[in-house]
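J.: Give the three-dimensional model of this entry:
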Amino acid sequence: MTELAPKLDIEVSEILTKVGQMGRVLVESGKIKPHDLERVIRFQKSRGLRFGEAAISLGLVTQEDVKAALAQQFSYSVAPLSNSQLSPSLTAAFYPQSRRMEALRGLRSELMLRYFDDPAQRVLPIVGVDREAASGELVANLAIVFSQLGANTLLIDGNLRQPSLHRLFALPDGQGLSDVLAGRAAPAPKLCAPLQSLWLLNGGTVAPNPQELLSHRRYRTLMTTLANNFDVVLVHTPPLKENRDAQLIAARAGAALMVAKENVTPLKALEAASRHLQEVGVSLMGVALSQ
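T.: Numbering: from 1, shown residues only. The predicted structure follows:
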């Protein structure tokens, strides 16, 4: 038995050279057993299929397995549909090739060219005009598409009154931004597994004095530190219509991307929100429409 094991390893290694990267990833991840490789290769050649297609046809792997293997080859974060604790609203994690996410990647490209191309600009608040804008889901998906680009991306829940982003990523809402600003904790962003290159700094303990915390010099110091450690920092804010927290966060960054609900947010409310931000020196990167 001990003499046959090295021979088997050599044979498997030789077979893997015939199936390319897809077959290697599926074998190394345990989705395909080494003794099934020859079977897949024969079926692949007889039907003129790709390796992944042949493996699916034989019932050895699922479409989801092949999608995950392909994502791994391109260093592209895709979450598995089955047994995932991520919120279904994180469309960018589950269906990155959907038309909706194609539009979000277009927004990402615009921001990369117009904002993040400047090394001095790493922090961008995402400001919802009103609660209906559902800016939390949009900023979470936008953060995912930035991480899929390979950029080390940090998502910050700046809604200290009603933090919610941790629930989208199935992460605990322990100490977070409010605790850091109050001097009660050190910043400790959490990796949003199974996504690569994406971290979340959750909102933390619901604070009785969010405006004082966001006005404190600790906030400015924290943003400078985080900007030096990440390629992209997106800050989710409370709705602008409800309080001045979003205005404070946007003013500290000097820029913001606004979010409005398509066919719902009144034009007058959008104009008023734009005016409020520009009055405190905020440069608007545009308005994203949530659906």
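
J.: And the contacts of stretch 97-112?
T.: Stretch 97-112 has contacts (Cβ atoms under 8 Å, 6 or more residues apart in numbering) with 91-92, 95, 124, 141-142, 145-146, 149, 257, 285-286, 288, 291. C-beta coordinates here come from the backbone N, C-alpha and C atoms, glycine included.

J.: mind redoing it with 10 Å?
T.: Residues from elsewhere that reach stretch 97-112, judged by Cβ atoms under 10 Å, 6 or more residues apart in numbering: 67, 78, 91-96, 116-117, 121, 124, 138, 141-146, 148-149, 151, 231-232, 234, 255, 257, 285-286, 288-289, 291.

J.: tell me which residues of it are tucked away?
T.: Residues of stretch 97-112 classed as buried by neighbour count (16 or more other Cβ atoms under 10 Å): 101, 104-105, 107-108, 111.

J.: Just the buried residues of the contacts of stretch 97-112.
T.: Buried among the contacts of stretch 97-112 (16+ other Cβ under 10 Å): 67, 78, 91-94, 96, 116, 121, 124, 138, 141-146, 148-149, 151, 231-232, 234, 255, 257, 285, 288.

J.: So which of the buried residues of stretch 97-112 are in strands?
T.: Within the buried residues of stretch 97-112, no residue falls in strands by DSSP state E.

J.: Which pair in these has the greatest spatial separation?
T.: Farthest apart among those by Cβ to Cβ are 101 and 111. That separation is 15.1 Å.

J.: how about the helices in the stretch 151-291 of the chain?
T.: For the stretch 151-291 of the chain, the helices defined by DSSP state H, counting those that start in this stretch cover 165-168, 177-181, 210-215, 217-227, 245-253, 267-279.

J.: will you turn those helices into TSV that also has distance to residue 24?
T.: Shown next, in TSV, are those (distance: least, Cβ to Cβ, whole Å):
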stretch	distance to residue 24
helix 165-168	33
helix 177-181	42
helix 210-215	49
helix 217-227	37
helix 245-253	44
helix 267-279	51
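
J.: can you put those in a markdown table and add mean pLDDT and distance to residue 239?
T.: Conversion of the helices of the stretch 151-291 of the chain to a markdown table gives the following (pLDDT from 0 to 100; distance: least, Cβ to Cβ, whole Å):
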| stretch | mean pLDDT | distance to residue 239 |
| --- | --- | --- |
| helix 165-168 | 95 | 14 |
| helix 177-181 | 96 | 17 |
| helix 210-215 | 95 | 13 |
| helix 217-227 | 95 | 19 |
| helix 245-253 | 95 | 7 |
| helix 267-279 | 92 | 9 |
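
J.: who wins for proximity to residue 31 among those?
T.: helix 165-168 (27.7 Å).

J.: And that closest one, what's buried?
T.: Here helix 165-168 shows 165-166, 168 as buried, counting by 16+ other Cβ under 10 Å.

J.: before we move on, back to that, nearest to residue 51, of the helices of the stretch 151-291 of the chain?
T.: Once the helices of the stretch 151-291 of the chain are compared by Cβ to Cβ, helix 165-168 is nearest, at 34.5 Å.

J.: Would you mind pulling up the elements that the closest one packs against?
T.: Where contact means 3 or more Cβ pairs under 10 Å, 6 or more residues apart in numbering; DSSP states H and E, helix 165-168 is packed against helix 135-148, strand 153-157, strand 198-201.

J.: Thought residue 146 was touching residue 199, still the case?
T.: No: using Cβ atoms under 10 Å, residue 199 is not in contact with residue 146, being 11.5 Å away.
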